[in-house]
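Chemist: After the sequence you'll find the predicted model.
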Protein chains: 2
Amino acid sequence: DFRSEEEQNVDLDVITREMASDVNPIRVVIDCTNSEEVTEYYEQWLSAGINIISPGRKGASGPLALYKRCTELQKENSVYWQYESSVASALPVITTIRDLIDTGDEIIELNGAVSGALAYAFSTFSDEVPFSEALGKAVAKGYTENDIREDLSGLDTARKVVVLARQVGLDVDVKDVEVESLIPEEIAKKQYEGGKEQMDAALLEDLKCLDEPMLQRYQDAKADGLSLRYKFTIDRESGKCSASLAKVSNKEPLFRLKKNENLVEFVTRRYEESPMIIKGAAAGPELAATGIFADLLRVTRALSAQN
Amino acid sequence: DFRSEEEQNVDLDVITREMASDVNPIRVVIDCTNSEEVTEYYEQWLSAGINIISPGRKGASGPLALYKRCTELQKENSVYWQYESSVASALPVITTIRDLIDTGDEIIELNGAVSGALAYAFSTFSDEVPFSEALGKAVAKGYTENDIREDLSGLDTARKVVVLARQVGLDVDVKDVEVESLIPEEIAKKQYEGGKEQMDAALLEDLKCLDEPMLQRYQDAKADGLSLRYKFTIDRESGKCSASLAKVSNKEPLFRLKKNENLVEFVTRRYEESPMIIKGAAAGPELAATGIFADLLRVTRALSAQN
């Protein structure tokens, strides 16, 4: 457990009681923990009229029953649970899906790439830069999850896919997303000791085992004029959700994905021939903070109109 | 004057009096006329607590004084004037600019292409398809303004540029946008007689004079591996706004613009290295209706929370 003593001592029951008894009609919890324990309080908070903003994904991609109850509680209590920044950081992806559906459009497919860490790794590594070195740079820039294995195993992408799939009406859980893991099982399960820096260093050392096979895949793709991108697809009709390392051609928008960019392509009844595309930088603390702030403005705008 | 007698007989004073005396607290005018005369009523309507949705651009790109008074009246009367669909149809461009600015970002440059008609013409015409024939197809598909000369003269793009430039805080009018007109002065000024179909036919006949010079520009660009796109740029710092037929390379997102697509690239402090891009289909009656409906939902959501 890497948290400091101070962090561990937060008593959510005390906080919840204090917030519930607050006379201030506008109360917002911004849950930056990305912890499942905290999401267990969401129902209590929403029931007590407390708004929630979740940059993390543990709530919106958590157990389907929890997600559905929270969605219901929002309506019953005229309270907001916003999590725009849980996918693609500050890019307006969830808002756009909602606007499309609210105006009567029908989503056919969503696809693209929503891992800033993997986008960075796959646009940085090359014949000269080993894959593990590119990963190290992504860690140094703050583009990865706390445990980089969440990015590499596809779990981080799977969670984002679940958040998006639920917006289009699919009742899916993380286990329903077919993902390609980029790391061997033994590394995925290995216990690392020490603080975050020590753990990252040890892990990056172990991940050098990926350098050779990844270089092979990179060169195979390059020989055909293709790029490697970690791509997700949500097919609305079949309900199939997946994510894997794909070889993409020059014709696909993902081909030009660079740095820490995310890209979501919306194929809908209205945008079937010319899909709507939202693309841009989407990882790192500054953009996460922007996304949280945008959610907070949405909540306060809506609530200050009410009160 | 092509309007039917019935259309001409609408008395806006009568309508305004009736709306102003209505006890219904939520009143919305959706102004689909794209007529300057109608925008002269905007101040009265906003002052009377009537919300306005403008898919046309005559208000938001109209005289700066009118625009500023309407913007002030919105705040004073807690009433909404929405015109998201006036630029890039249903794509969420204006909403995104506002969210960026509201969350403390700073726009450096906006650029892209916002004429669905010209996007269609320049992605359809080729060695085999003359420019005037491509224009004829754009007219048939409903992608053009009522008078296609508004697209070709750059006026339609200039108006959209003004709408966007004002969102980023520039005090500009249509005359301040440096535009390249694609039609000769004599065609721009010519009076055409008859109904819309006759007028379009006569105009398209005259526009055959563009086929040869356009083919030349097309072939020049193609020889260098470039595409022709009608591109706009808004430079926040210098305040310079312009639109012209540009040769764009494979490296630019506009290179892949096709059909009736629009594309806006947001270069901001946060999105400086990896600009945010919103792209997709953006012309024709169905998408315009979607954009209007999305604005209506925004207004009704905000107002039903208040009342």
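Modeler: Yep, that arrived. Numbering: from 1, shown residues only, chains lettered A, B, ... in the order given.

Chemist: a helix runs through residue A:207, doesn't it?
Modeler: Yes - with DSSP: H, G, I helix; E, B strand; the rest coil as the criterion, residue A:207 is assigned to a helix.

Chemist: Tell me how many other residues crowd residue A:263.
Modeler: Using other C-beta atoms under 10 Å in any protein chain shown, residue A:263 is surrounded by 25 other residues. (Glycine included, C-beta is placed from N, CA and C.)

Chemist: so it sits right up against residue A:254, yeah?
Modeler: Yes - the criterion here is C-beta atoms under 8 Å, and residue A:263 meets it with residue A:254 at 6.0 Å.

Chemist: right, and residue A:156 touches residue A:117 too?
Modeler: Yes - at 7.4 Å, residue A:156 counts as touching residue A:117 under the criterion of C-beta under 8 Å.

Chemist: Any buried residues in the longest helix anywhere in chain A, and which?
Modeler: Ranked by residue count under DSSP state H, the longest helix found in chain A is helix A:285-306. Neighbour-count burial for helix A:285-306, counted by 16 or more other C-beta atoms under 10 Å in any protein chain shown, picks out A:287-296, A:298-299, A:302-303.

Chemist: ok, which residues in chain A are in contact with chain B?
Modeler: Within chain A, the positions lying close to chain B (C-beta under 8 Å from any C-beta of the partner chain) are A:90-92, A:95-96, A:99, A:102-105, A:253, A:256, A:258-261, A:266, A:270-271, A:273-281, A:286-287, A:290, A:293-294, A:297, A:301-303, A:305-306.

Chemist: and residue A:62, how far is that from residue A:291?
Modeler: From residue A:62 across to residue A:291, the span is 19 Å (C-beta to C-beta, to the nearest Å).

Chemist: Report the distance from the host helix or strand of residue A:73 to the chain centre.
Modeler: In the assignment (DSSP states H and E), residue A:73 maps to helix A:64-76. Chain-centre distance of helix A:64-76: 20 Å, with C-alpha atoms, centre = their mean, to the nearest Å.

Chemist: and if you look at stretch A:110-126?
Modeler: Offset of stretch A:110-126 from its chain centre (C-alpha atoms, centre = their mean): 13 Å.

Chemist: first to last residue in that stretch, what's the distance?
Modeler: One end of stretch A:110-126 sits 28 Å from the other (C-alpha to C-alpha, to the nearest Å).

Chemist: got the buried residues for it?
Modeler: Buried positions in stretch A:110-126, judged by neighbour count with 16+ other C-beta under 10 Å: A:110-125.

Chemist: Sketch out the helices for the stretch 151-300 of chain A, chain order is fine.
Modeler: With DSSP state H, counting those that start in this stretch, the ranges of helices along the stretch 151-300 of chain A come out as A:155-167, A:185-189, A:196-206, A:211-223, A:285-306.

Chemist: gap between the last one and the chain center?
Modeler: Here the centre of helix A:285-306 is set off from its chain's centre by 18 Å, with C-alpha atoms, centre = their mean.

Chemist: pLDDT on that helix, on average?
Modeler: Computed over helix A:285-306, the mean pLDDT rounds to 85.

Chemist: got it, and stretch A:122-130?
Modeler: Averaged across stretch A:122-130, the pLDDT comes to 96.

Chemist: would you turn the helices of the stretch 151-300 of chain A into a markdown table with distance to residue A:20?
Modeler: Formatted as a markdown table, the helices of the stretch 151-300 of chain A follow (distance: least, C-beta to C-beta, whole Å):
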| stretch | distance to residue A:20 |
| --- | --- |
| helix A:155-167 | 27 |
| helix A:185-189 | 40 |
| helix A:196-206 | 34 |
| helix A:211-223 | 51 |
| helix A:285-306 | 17 |
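
Chemist: looking at the ones you listed, which is closest to residue A:51?
Modeler: When the helices of the stretch 151-300 of chain A are compared by C-beta to C-beta, helix A:285-306 sits nearest residue A:51, at 5.2 Å.

Chemist: now for the closest one, which elements pack on it?
Modeler: strand A:28-30, strand A:51-53, strand A:81-82, helix B:93-102, helix B:285-306 (3 or more C-beta pairs under 8 Å, 6 or more residues apart in numbering or on different chains; DSSP states H and E).

Chemist: quick one, the last one and helix A:93-102 angle?
Modeler: Computed with axes from the mean of the first three to the mean of the last three C-alpha atoms, to 10 degrees, the direction of helix B:285-306 lies at 100 degrees from that of helix A:93-102.

Chemist: Can you get me a residue count around residue A:40?
Modeler: Counted with other C-beta under 10 Å, residues neighbouring residue A:40 total 14.

Chemist: cool, and residue A:65?
Modeler: Look at residue A:65: counted by other C-beta under 10 Å, it has 9 neighbours.

Chemist: How about the one 5 residues further on?
Modeler: Neighbour count of residue A:70, defined by other C-beta under 10 Å: 21.

Chemist: excluding its backbone neighbours, what's nearest it?
Modeler: Spatial nearest neighbour of residue A:70, chain neighbours left out: residue A:42 (5.2 Å); criterion: C-beta to C-beta, 6 or more residues apart in numbering or on different chains.

Chemist: Kindly report the same for residue A:47.
Modeler: Nearest non-adjacent residue to residue A:47, counting by C-beta to C-beta, 6+ apart: residue A:73, 5.9 Å away.

Chemist: try residue A:173
Modeler: Closest residue to residue A:173 apart from its sequence neighbours, by C-beta to C-beta, 6+ apart: residue A:64 at 5.5 Å.

Chemist: contacting residues around stretch A:198-206?
Modeler: With contact meaning C-beta atoms under 8 Å, 6 or more residues apart in numbering or on different chains, stretch A:198-206 is reached by A:2, A:132, A:135-136, A:139, A:147-149, A:187, A:190, A:192-194.

Chemist: what's the burial count for the residue in the stretch 101-250 of chain A that chain B sits nearest to?
Modeler: For the stretch 101-250 of chain A and chain B, the shortest gap (C-beta to the nearest C-beta) falls at residue A:103, measuring 4.6 Å. Residues lying near residue A:103 (other C-beta under 10 Å) number 18.

Chemist: Angles on the backbone of it, please.
Modeler: phi -90, psi 10 (degrees, to the nearest 10).

Chemist: about what we covered before: the buried residues of stretch A:110-126: which two are farthest apart?
Modeler: Farthest pair in those (C-beta to C-beta) is A:110 and A:125. Separation: 26.6 Å.

Chemist: sorry, back to before: could you measure the residue nearest to residue A:47 against residue B:57, distance?
Modeler: From residue A:73 over to residue B:57 the distance is 42 Å, taken as C-beta to C-beta.

Chemist: okay, these two: which has more neighbours?
Modeler: Neighbour comparison, residue A:73 and residue B:57: the larger count goes to residue B:57, with 23 against 19 (by other C-beta under 10 Å).

Chemist: and that one, that's in a helix?
Modeler: No - judged by three-state DSSP, residue B:57 forms no part of a helix; its state is coil.

Chemist: what's near enough to touch it?
Modeler: Applying C-beta under 8 Å, 6+ apart, we find residue B:57 in contact with B:34, B:83, B:86, B:87, B:156, B:159, B:160, B:162, B:163.

Chemist: Quick one: buried ones out of the residues you listed?
Modeler: When the contacts of residue B:57 are checked for burial by 16+ other C-beta under 10 Å, the buried set is B:34, B:83, B:86, B:87, B:156, B:159, B:160, B:162, B:163.
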